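> sequence and predicted structure are below.
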Amino acid sequence: MAKIDNILLKSKFRGCLLGSLIGDCFGAPFEGDIMTSGGKVVLQKYFDKLEGAAFKGPIKTYTDDTAMTKCVAKSLTDKPAVDFKFMARLFVKEYFSEPRRGYGKNVVDVFAKLRSNKFDDIYKPANEQFAGMGSFGNGGAMRVSPLALYFHNNYQGMISAVSNATRITHTHKNAINGAVLQSMAVQQCLKLDPADKIDAQKFVNNLIEKMRMIEVDDEGLNIDNGTPYKEKLVDIQKLLDSGNDDTEEIIRILGNDIFALHSVPTAIFCFLRAQTPIPRITTDNRFRRSIQYAISLGGDTDTIASMTGSMAGAFLGDDYINKHLLRHCEFQKGMSEMADNLFAVLEDTNFT
């Protein structure tokens, strides 16, 4: 593939962060839903209406997904050397400034402890959760897109930074590896030309090969379930190859809940499946189709759609985002500016 020029790369930065925001804002009203056939019809009409130039509906508010993504982006522009203590402070400040963004109880407990111990050890509160096992959730994966952008030409740097950023709130290896996988997927999307057709099997194969190096048997137990993400990626390939669009079967195989293992692979599948037409989703726009499809699976819709949107935006760039759709999102101008600021930091350091 030809090298992506800086004009397109800047558009992809915007697309990635705006895609994350749109998925969050549009997915939030459906969180926890079980999507029936009738629900999917409602969802289709919902998107059709939002894309209409004349529709003046209320602004869709973002959740903790975007709130924490904003903090990661700001930490990278304000402290380009990547200061994880500063990032943790931003998380805590954001939460206590606007606590009603849908934060989970466990991450709130982490923030309270970080504040009370004055950030002496930013990893200790999360490490103590769940009897020392740490959280399995997708709260790390949902916010890593700025790190994938920042380290788009530095793979090892990205893996390290994503792992450390995730450990502030989630220390279980499935949560960390899920965030790493999400960042890998976004990074791959950045490097693809939107004018080209994605080879979905190759896209997943690349992720499988990378996860082989991540999901190592560090316990030395040699047990069969030591590579859960690799197994989910193989499942994605099988689903894509079979053309199976049965929602219940997809959810059974991949999941749609708050655990990283049951949502990051699902987001990757949604992005790849939406590169071609999907029954009951009437749109030619691959960006919209990706997010609409992610929401149509129900469950943790805001986070799965946000992660899907970050991939779709990183692949297609912001030119593919319907501006009528975008204007219904809270903080859409601010998120675009954050993407530009992040790109500018990399230009200043000759990192692009």
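Okay, I see it. Residues are numbered from 1 along each chain as shown.
> and the residue nearest the centre of the chain, what pLDDT?
In the chain, the residue lying closest to the centroid (CA atoms, centre = their mean) is Met307, at 2.5 Å. On pLDDT, Met307 comes in at 98.
> give the contact list for the nearest residue to it once chain neighbours are set aside.
Ranked by CB to CB, 6 or more residues apart in numbering and with sequence neighbours excluded, the top spatial neighbour of Met307 is Ala267, at 3.7 Å. (C-beta placed from N, C-alpha, C; glycine too.) Residues near Ala267 by CB atoms under 8 Å, 6 or more residues apart in numbering: Gln182, Ala185, Ala294, Ile304, Ala305, Met307, Thr308, Met311.
> hang on, the earlier thing: hang on, the residue nearest to the centre of the chain packs against Ser263?
Yes: contact criterion CB atoms under 8 Å: Met307 and Ser263 qualify, at 7.2 Å.
> now do the shared contacts for these two.
The contact sets of Met307 and Ser263 overlap at Asn138, Ala141 (CB under 8 Å, 6+ apart).
> still on that earlier bit, what about the contacts of Ala267, which are in helices?
Residues of the contacts of Ala267 located in helices (DSSP state H): Gln182, Ala185, Ala294, Ile304, Ala305, Met307, Thr308, Met311.
> please point out which parts of the helix or strand containing Met335 sit buried.
Met335 is part of helix 332-348, with elements assigned from DSSP states H and E. For helix 332-348, a neighbour-count test (16 or more other CB atoms under 10 Å) marks Gln332, Met335, Ser336, Met338, Ala339, Leu342, Phe343, Val345, Leu346 as buried.
> then stretch 82-98?
Neighbour-count burial for stretch 82-98 flags Val82, Phe84, Phe86, Met87, Ala88, Arg89, Leu90, Phe91, Val92, Glu94, Tyr95 (criterion: 16+ other CB under 10 Å).
> residues of stretch 127-134 that come out buried?
Asn127, Gln129, Gly134.
> now the nearest residue to the first one once chain neighbours are set aside, what's its secondary structure?
Just to be clear, that refers to Asn127. Spatial nearest neighbour of Asn127, excluding adjacent residues (CB to CB, 6+ apart): Thr171 at 4.8 Å. Here Thr171 is recorded as coil under DSSP: H, G, I helix; E, B strand; the rest coil.
> check contacts around Thr171.
With contacts taken as CB under 8 Å, 6+ apart, Thr171 has the following neighbours: Tyr123, Ala126, Asn127, Gln129, Gly134, Ser135.
> give the contact list for the first one.
Spelled out, it's Tyr123. Residues near Tyr123 by CB under 8 Å, 6+ apart: Arg167, Ile168, Thr171.
> what's the pLDDT at the last one?
Pointing back at Thr171 there. 97.
> what's the answer for Asp121, then?
As summarised for this prediction, Asp121 has a pLDDT of 96.
> ramachandran coordinates for it?
Main-chain torsions, Asp121, degrees, to the nearest 10: phi -130, psi 100.
> what's the neighbour count on it?
11 (other CB atoms under 10 Å).
> so how far is Lys197 from it?
48 Å (CB to CB, to the nearest Å).
> on that earlier part again, out of the contacts of Tyr123, who's nearest Arg327?
Proximity of these to Arg327 was ranked by CB to CB; the top entry is Ile168 with 32.9 Å.
> wouldn't the closest one be in contact with Ala88 here?
Yes: counting by CB under 8 Å, Ile168 touches Ala88, with 5.0 Å between them.
> overlap of the contact sets of these two?
Contact criterion CB under 8 Å, 6+ apart; residues bridging Ile168 and Ala88 by contacting each: Ile122.
> related to what we said a few turns ago, give me every residue that touches the residue nearest to the centre of the chain.
Here Met307 is in contact with Ser20, Gly23, Asn138, Ala141, Met142, Gln182, Ser263, Val264, Ala267, Ala294 (CB under 8 Å, 6+ apart).
> just the ones in helices from those residues, please.
The helices, defined by DSSP H, take in Ser20, Gly23, Gln182, Val264, Ala267, Ala294 from the contacts of Met307.
> all helices of the stretch 1-150 of the chain, in order?
Here the stretch 1-150 of the chain has its helices, by DSSP state H, counting those that start in this stretch, at 6-27, 37-51, 64-78, 84-97, 105-116, 124-127, 145-150.
> of these, which is nearest Ile208?
helix 145-150 (18.1 Å).
> and the helix or strand just after the closest one, what does it pack onto?
The helix or strand immediately downstream of helix 145-150 is helix 155-167, counting by DSSP H and E. Where contact means 3 or more CB pairs under 8 Å, 6 or more residues apart in numbering; DSSP states H and E, helix 155-167 is packed against helix 84-97, helix 145-150, helix 173-190.
> what about the nearest residue to Gly39 once chain neighbours are set aside, distance to Tyr293?
For Gly39, ignoring the flanking residues on the chain, the nearest one in space by CB to CB, 6+ apart is Asp33 at 6.5 Å. Using CB to CB, we find Asp33 at a distance of 14 Å from Tyr293.
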